[in-house]
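*Asks:* turn this into a model:
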Amino acid sequence: MTSSLTTTHPATEAIDALRRALSPDRVLTDPAELLTYESDGFTIAKARPSAVVFPLDTDEVARVVAILTQNRLPIIPRGSGTGLTGGCVAFAGGVIVSTARLSRVLKIDLPNRVVHTQAGVRNVQLSEAVAAVPGGSLYHFSPDPSSQRASTVGGNAATNAGGIHVLKDFVTSNHVLGITMVLADGSILRAGATDGAYDSPFDLPGLICGNEGTFGIITELWLRLVPKPTSFRTIVGLFSTQADACTAVSQTIAAGHLPSALEMMDGSMVRIIEDSYKFGFPPHTAALLLCDIDGIEELLDGQMNDLVTIFTRNNAFEVKCSALAEDRAKLWKARKSAFGAIGKISPSYCTQDACVPRSRLREVLQRIDEIGRRYGLSINNVFHAGDGNVHPIFLYNDRNPEQTRNVMLAAEEVLRYCIDIGGTLTGEHGVGVEKIHLMPYLFDGATMRQFQSIKRAFDPHEQLNAGKLMPSDRIKVNLLNPGRHVPQ
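*Replies:* Okay, the predicted model is just below:
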């Protein structure tokens, strides 16, 4: 689609200055090369940047930001582009500052259980680096989004990402000790700890986590390392109804259990996984619960038996348990590959993200199904049931404008319903541009004004990622119009 607006391109002197600050090969302006950067994982929101630049360290990021701010060009931070809300799309001729080449693990400090890393280091890369040092195989950086082979730790912090093991280990902000961030004027902020000990009247790292690139560009992090579990059990329960599986989830938590992970797939998702991995799941399975528990070996069998009792009490027609590492790895690989497997059955899909009270999961899934049928959409569900983080997957064809519009309308209905029953807009993906119009629906005016005040304290002139996370006067995007990816 084309924009009805005239795109503002960076001034020639700004491009020249960027090339002098970095090198010509680290400043992309060729339209064909820029196509890659039109969207993130939320492909409904698209806009071509005026340029993409690739700094290598904090000082280079600071020089780049100073040049762009001097020329009043919108600045859009981007990691590996695995986000699912349009958070790194460059509207209004913005320039993307990529952290992909800030890819060095700077220091691994096992005595203090801290790793110092650049923001562009991928999750899996960090795990491999820690495991490679003597004694490091006992520790890991816990957050594990499904995109961990590609997602970066800077992106994790910027979106306060979650993952499968959030239920027990918590989100990214609980594992970030310190942050280096470049502000909109090119100055460098260092907040938090450089080792395992830190105290401050204001938790700036906690505030910065989840800012979605609207405060600054995260360039370095000090991350907490935690011991890897050494003893575990994996329990798989198959149910004839989604309602029974949802009740089993609520009763598991109400009984005092805290699994390291408790995931749910609906029947259509189970069949997709079965086609890919051949686990032998019966075709009549309406819901699957995949649960991990870890801890003291001598206590795990008792906990596992309690969970089996809860599952069978709620009409699970089959429950399988395993302590074998290879079984566990295979099951979790299948779970983390679920979204990719959708590509086999649909040309496009949109993954939604909301968090609801666990006790309402049953009715939430029913309402999602009703909304999907009303808009003529197929919806699959695979989600973090233990903490009520639902991920309905809307299947559609992005070459069909009516289907695309229906996806956005249906998604909005789902989100409003989740808010109405006591939930929230996002469990882990963030707000980006996709959900920004619903921020005033979730938060009252006084809260929204405080959010804006905090944004202005970091970025008074809206240079950084304007039009994301919080409503902006500078950039507004309407995803429902025929030119849905175009600022309006």
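
*Asks:* every contact and neighbour count from this point should use C-alpha atoms.
*Replies:* Noted.

*Asks:* buried residues in stretch 429-436?
*Replies:* 429-436 (16 or more other Cα atoms under 10 Å).

*Asks:* which of those lies closest to Asn406?
*Replies:* For the buried residues of stretch 429-436, the minimum distance to Asn406 (Cα to Cα) is 14.1 Å, reached by Glu434.

*Asks:* host element of that closest one?
*Replies:* Here Glu434 is covered by no helix or strand, with elements defined by DSSP states H and E.

*Asks:* low pLDDT regions in the protein?
*Replies:* 1-11, 197-199, 481-488 (pLDDT under 70).

*Asks:* center of it - which residue?
*Replies:* His429 (3.5 Å; Cα atoms, centre = their mean).

*Asks:* that one against Gly86, yeah?
*Replies:* No: applying Cα atoms under 8 Å as the test, His429 and Gly86 come out as separate, 10.3 Å apart.

*Asks:* buried ones in stretch 32-41?
*Replies:* Of the residues in stretch 32-41, those with enough neighbours to count as buried (16+ other Cα under 10 Å) are 34, 37-41.

*Asks:* do stretch 148-159 as well
*Replies:* Along stretch 148-159, these residues count as buried under the neighbour rule (16+ other Cα under 10 Å): 148, 150-159.

*Asks:* closest one to Ile454 out of the residues you listed, please.
*Replies:* The nearest member of the buried residues of stretch 148-159 to Ile454, counting by Cα to Cα, is Ala158 at 15.4 Å.

*Asks:* show me the contact partners of the helix or strand harbouring that closest one.
*Replies:* Ala158 is located in helix 153-159, with elements delineated by DSSP H and E. Taking Cα atoms under 8 Å, 6 or more residues apart in numbering as the criterion, the residues outside helix 153-159 that touch it are 78-80, 118-123, 161-162, 172-173, 176, 208-213, 218-221, 428-430.

*Asks:* same question for stretch 38-48.
*Replies:* 34-35, 37, 49, 81-91, 93, 350-351, 398, 404, 433-434, 479, 484-486.

*Asks:* let's see that with 7 Å instead.
*Replies:* Judged by Cα atoms under 7 Å, 6 or more residues apart in numbering, the contacts made with stretch 38-48 from elsewhere in the structure are 34-35, 37, 49, 81-86, 88-91, 350, 479, 485-486.

*Asks:* quick one: that stretch to chain centroid distance?
*Replies:* Centroid separation between stretch 38-48 and its chain, computed with Cα atoms, centre = their mean, to the nearest Å, is 15 Å.

*Asks:* ok, stretch 168-180 next?
*Replies:* The chain centre lies 14 Å from the centre of stretch 168-180; the measure is Cα atoms, centre = their mean.

*Asks:* gap between the two ends of it?
*Replies:* Taking Cα to Cα, to the nearest Å, the first and last residues of stretch 168-180 lie 27 Å apart.

*Asks:* show the contacting residues for the closest residue to Ser378 other than its chain neighbours.
*Replies:* Counting by Cα to Cα, 6 or more residues apart in numbering, Leu395 is the residue found nearest to Ser378 once chain neighbours are left out, at 5.5 Å. When the contact criterion is Cα under 7 Å, 6+ apart, the partners of Leu395 are 346, 348-350, 377-379.

*Asks:* name the SS class of Leu395, please.
*Replies:* Taken by DSSP: H, G, I helix; E, B strand; the rest coil, the conformation at Leu395 corresponds to strand.

*Asks:* mind giving me the packing neighbours of the lengthiest helix in the chain?
*Replies:* For the chain, the helix that runs over the most residues, judged by DSSP state H, is helix 401-420. With contacts defined as 3 or more Cα pairs under 7 Å, 6 or more residues apart in numbering; DSSP states H and E, the secondary structure elements packing on helix 401-420 are helix 361-374, strand 392-396.
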